[in-house]
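Trainee: Curious how this folds, go ahead:
(2 chains)
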Amino acid sequence: MKISKKDVIHVADLARIELDEAAVDKFSHQIGTILDYVDTLNRLDTSGVSPTSHAIFLTNAFREDEIKQHLDLELALSNAPDKNEDTFSVPRVIGG
Amino acid sequence: MKPYELTISQAASLLSRRRLTSQELTGAVLERIHAVEDRVGAYITINDEPAMAQAMAADKAISEGRGTALTGIPLAVKDLICTQGIRTTCASRILENFIPPFDATVIQKLKAAGAVLVGKVNMDEFAMGSSTENSAFKTTHNPWDLSRIPGGSSGGSAAAVAADMCLGSLGSDTGGSIRQPASHCGVVGLKPTYGRVSRFGLVAFASSLDQIGPIAKDTRDCALLLNAISGHDPRDSTSVPEPVPDYTRYLAGDLKGLVAGIPKEYHSSKGIDPEVAIAVNRAIQTLQDLGVRCVDVSLPHTEYAVAAYYVIAPCEASSNLARYDGVKYGFRDKTAVTLTDMYRNTRSKGFGPEVQRRIILGTYSLSAGYYDAYYGKASQVRTLIMEDFKKAFQKCDLLISPVAPTPAFAIRENTDDPLTMYLSDVFTLSANLAGIPGISVPCGFSRTGLPIGLQLMGPHFSEGNLLKTAYHFEQSTDFHEKKAKL
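Mentor: Numbering: from 1, shown residues only, chains lettered A, B, ... in the order given. You can find the predicted model right below:
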C-alpha cells in the first residue's frame, strides 16, 4: 500500500483530525489508490521546468498604508463559540 | 408563461416597462421554490421576507428611474459566498450556524445593482465534489431526472436555475464546479478568467484555482451577471486590474473568421460516452455552419491534469481549512478539556469524510520528505499544462470540447470511489490550472432525456468571445429552451 495506516493516523493528527479504525482503513485504501494514480506524473521528465503556483501574471499588489474602517468589535465577536468580554475564550492552554 | 419561467433579460424588460413588478416576480419565484423544493432540494436557506423587502426597494428604484439590468431580479447564491446577516454554511456542519458579519464583494455588487437574493443554495461541502452528494445537509436532485445527481459542486446553483427556482445564480468553480453542473442541468455556466471576479468573501477551497461565476438560463443572462460581478477589487490581491467591457455587446455580429481548436485529447478520451461524443460533434458542425473554422490542436499533457490537480487542490485546501479550529466562529466541540482536544474534536465532528480525506491527502503531500515528489512535481506539470494552452491559442481563438464524459450519473453511484469521481473532472480542471475562462452551453440530450453540455475555453480574458460563440450556437439550436418537467 502506498500509504500505511500509521502514516494516515500521523498525518491526520498533524491536521488535528481523529479517525476511528474504520476510517483509517478506508482512508489508507482510498488515499493509497489516489497516490498510485498521482504517480503517473513521474512518467514526465520535468527537470528544468519551473513550478507554477499562480496562473495569472500578476506580481505584487501594493497599496498605501492607510488607516481604514475595520470590523466592529461586537460584530467580530458575534460568531464566537465562547467569549469573555472583548476576547475569544478557549479551553485552558497551560496546566494549572 | 409564468413569471418564474422568465429569463433575466425578459423579466428586466417587463420590469422596466412596468408590465411586472419585482414583488410579483419575487413572490412567484418564492412560491415556485416552496412548491418544488421537497423534490429538488436546491436550497439550504430560503430568504422569504428579506427577499420581499428587497423586491419592494427594487420596485421603488425602478419607478424612480434608478433601475439596472438586474434590479428586482430574484437570484440564488451558492452557500459559500458570504452574505451579511444570512447564514453561510459551505454545506458543512462546521459552519452550520455561521452568520457572516460582512458581504462578499460580489454580493455588494449584486445589491448595488438592485438584485433580490432569494436564498443560499446547496453544494458539496466546501465545494469538494462533483455531485453535491457531499453536502452535510441535503441531497440535491437533478430536475431532469430526480434519481440523478445535479453535478457539483455548484449543484444547487444549477438545479435552482433549471427548475425555475431563481432567474439566475452564482456558483464557484475550482475544477469544473460551475461548468459540470450547468452541463448536467441543461443551463449555461461560465467560469471566468482567474482574477476577473473578486474572491473577497468567497470561502476559500483552493485559492489559486477558485473563481466565482454565473449560472443562467441562457447566454445573454450569463453576460448580464458577469457584467455585474466582474472587476478589480483592492480587497482581493489576486483580482486583476483589467477593464470590464459590457459583455452583452459581444453577442452582436456573427462568428465568421473565428478559429476554433479541436483538442484531440479531449475527443479521443476512452471514458467518453458515445451520446456525449455525438452531441459534441453535431455542435462542432453547427458552429462550422455558422462560419467558425475548425483546426486540430493538441494539448499533450491533458492526461496528467487530473493527477496534478488532485495534488495541488488538496494541498491548498489543507492549508486553507486549517482556520476551522473552533476558536473565532463556527462549530466548537464543547466537551473537550484541553485546547488540542478542542481542535481535534471540533474538526473531526465538524468536517465530513470527503473534506477530511482531502485535508489528509494535502497534509501528506506537503509534509517533510514528500513535498518535492508531490506538490513540487504537480506544480511543474501545471506549467506544462499552461504551456499546452498557450501553444494551442497561437493557432485558434477558442477550444471546443465536452464538459463531462457522461451525462449525470445516478445518486450514490460513485460515492464510495473517490478516484472515479475525480476522473469525471478530466475535461474541466485544466482550465482552472491554467486560469483560463470556460463556458458550458446546452448542446443536446441523451436518449433518456438527460442534458449534455458543450464546453468552450479561451485565452485569459476572452470571456467576450466565449459568450459570443455560445450565444450564436444557442440562437441556431433550441436545447436551452427545453424545460425539465417537474
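Trainee: What is the end-to-end distance of stretch B:240-256?
Mentor: With CA to CA, to the nearest Å as the measure, stretch B:240-256 spans 30 Å from end to end.
Trainee: Can you name the residues in contact with that stretch?
Mentor: Stretch B:240-256 is contacted from outside by A:56, A:58, B:193, B:195-196, B:219-220, B:223-224, B:226-227, B:230-232, B:287, B:290-292, B:461, B:463-465, B:467-469, B:471-472, using CB atoms under 8 Å, 6 or more residues apart in numbering or on different chains. Every C-beta, even on glycine, is put in place using the N, C-alpha and C of the backbone.
Trainee: pLDDT weak spots in the chain?
Mentor: No chain in the question, so chain A it is. For chain A, the stretches with pLDDT under 70 are A:1, A:95-96.
Trainee: hmm, I had chain B in mind actually
Mentor: For chain B (pLDDT under 70), the answer is none.
Trainee: So which residue is smack in the middle of it?
Mentor: residue B:178 (2.1 Å; CA atoms, centre = their mean).
Trainee: Chain A too?
Mentor: Centre-nearest of chain A using CA atoms, centre = their mean is residue A:15, 7.1 Å out.
Trainee: which residues does that residue contact?
Mentor: With CB under 8 Å, 6+ apart, residue A:15 has these contacts: B:318, B:322, B:347, B:359, B:360, B:363.
Trainee: helix, strand or coil for the fifth one?
Mentor: It stands for residue B:360. Following DSSP: H, G, I helix; E, B strand; the rest coil, the label given to residue B:360 is helix.
Trainee: That one: what's it in contact with?
Mentor: A:8, A:11, A:12, A:15, A:17, A:27, A:31, B:318.
Trainee: One more pass at 7 Å, please.
Mentor: A:8, A:11, A:12, A:15, A:17, A:27, A:31 (CB atoms under 7 Å, 6 or more residues apart in numbering or on different chains).
Trainee: what do you get for the fourth one?
Mentor: With contact taken as CB under 7 Å, 6+ apart, residue B:359 is in contact with A:15, A:17, B:317, B:318, B:321.
Trainee: Now do it against residue A:11, distance only.
Mentor: 9 Å (CB to CB, to the nearest Å).
Trainee: related to what we said a few turns ago, give me the phi and psi for the residue nearest to the centre of chain B.
Mentor: phi -100, psi -50 (degrees, to the nearest 10).
Trainee: Which residue ranges of chain A form helices?
Mentor: Applying DSSP state H to chain A gives helices spanning A:5-14, A:21-38, A:73-76.
Trainee: pull the CA atoms of the last one into CSV?
Mentor: The reference is to helix A:73-76. The C-alpha coordinates for helix A:73-76 follow below in CSV (Å, rounded to 0.1, in the frame of the first residue of the first chain):
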residue,chain,number,x,y,z
LEU,A,73,-15.5,44.5,17.8
GLU,A,74,-19.0,43.4,18.6
LEU,A,75,-19.6,42.0,15.1
ALA,A,76,-16.1,40.4,15.1
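Trainee: quick one, phi psi at the residue of chain A found nearest chain B?
Mentor: Residue of chain A nearest chain B, by CB to the nearest CB: residue A:55 (2.7 Å). Dihedral pair for residue A:55: phi -80, psi -10, per degrees, to the nearest 10.
Trainee: and the longest helix along chain B, what does it pack onto?
Mentor: The single longest helix within chain B, with elements called by DSSP H, is helix B:22-40. Where contact means 3 or more CB pairs under 7 Å, 6 or more residues apart in numbering or on different chains; DSSP states H and E, helix B:22-40 is packed against strand B:43-46, helix B:48-63, strand B:74-78, strand B:116-121.
Trainee: leaving aside the residues next to it on the chain, what's closest to residue B:172?
Mentor: Once flanking residues are discounted, residue B:172 sits nearest to residue B:212: 5.1 Å by CB to CB, 6 or more residues apart in numbering or on different chains.
Trainee: can you give me phi and psi for the one you found?
Mentor: phi -80, psi 140.
Trainee: Report the contact partners of it.
Mentor: Counted by CB under 7 Å, 6+ apart, residue B:212 has contacts B:81, B:106, B:170, B:172, B:197, B:199, B:202, B:229.
Trainee: any chance of these in a markdown table, plus neighbour count?
Mentor: Below are the contacts of residue B:212 laid out as a markdown table (neighbours: other CB atoms under 10 Å in any protein chain shown):
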| residue | neighbour count |
| --- | --- |
| B:81 | 25 |
| B:106 | 28 |
| B:170 | 29 |
| B:172 | 27 |
| B:197 | 29 |
| B:199 | 24 |
| B:202 | 23 |
| B:229 | 24 |
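Trainee: Columns secondary structure and distance to residue B:116 on top of these, output as JSON lines?
Mentor: Converted to JSON lines, these look like this (DSSP: H, G, I helix; E, B strand; the rest coil; distance: CB to CB, whole Å):
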{"residue": "B:81", "secondary structure": "strand", "distance to residue B:116": "15"}
{"residue": "B:106", "secondary structure": "helix", "distance to residue B:116": "15"}
{"residue": "B:170", "secondary structure": "strand", "distance to residue B:116": "13"}
{"residue": "B:172", "secondary structure": "strand", "distance to residue B:116": "21"}
{"residue": "B:197", "secondary structure": "strand", "distance to residue B:116": "20"}
{"residue": "B:199", "secondary structure": "coil", "distance to residue B:116": "23"}
{"residue": "B:202", "secondary structure": "strand", "distance to residue B:116": "21"}
{"residue": "B:229", "secondary structure": "helix", "distance to residue B:116": "15"}
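Trainee: returning to what we had before: which one, of the helices of chain A, ends up nearest to residue B:125?
Mentor: Residue B:125 lies closest, by CB to CB, to one member of those: helix A:21-38, at 15.9 Å.
Trainee: what packs against that closest one?
Mentor: helix A:5-14, helix B:305-320, helix B:353-366, helix B:418-423.
Trainee: Can you check which of those gets nearest to residue B:136?
Mentor: helix B:353-366 (9.3 Å).
Trainee: What segments of the stretch 51-200 of chain B are strands?
Mentor: B:74-78, B:116-121, B:168-173, B:188-191 (DSSP state E, counting those that start in this stretch).
Trainee: which one of the ones you listed has the most crowded surroundings?
Mentor: strand B:188-191 (a mean of 32; mean count of other CB atoms under 10 Å in any protein chain shown).
Trainee: can you list the residues that contact that strand?
Mentor: B:158, B:171, B:173, B:178-179, B:181-182, B:211, B:213-216, B:218-219, B:222, B:226, B:431, B:437-441, B:463, B:470, B:480.
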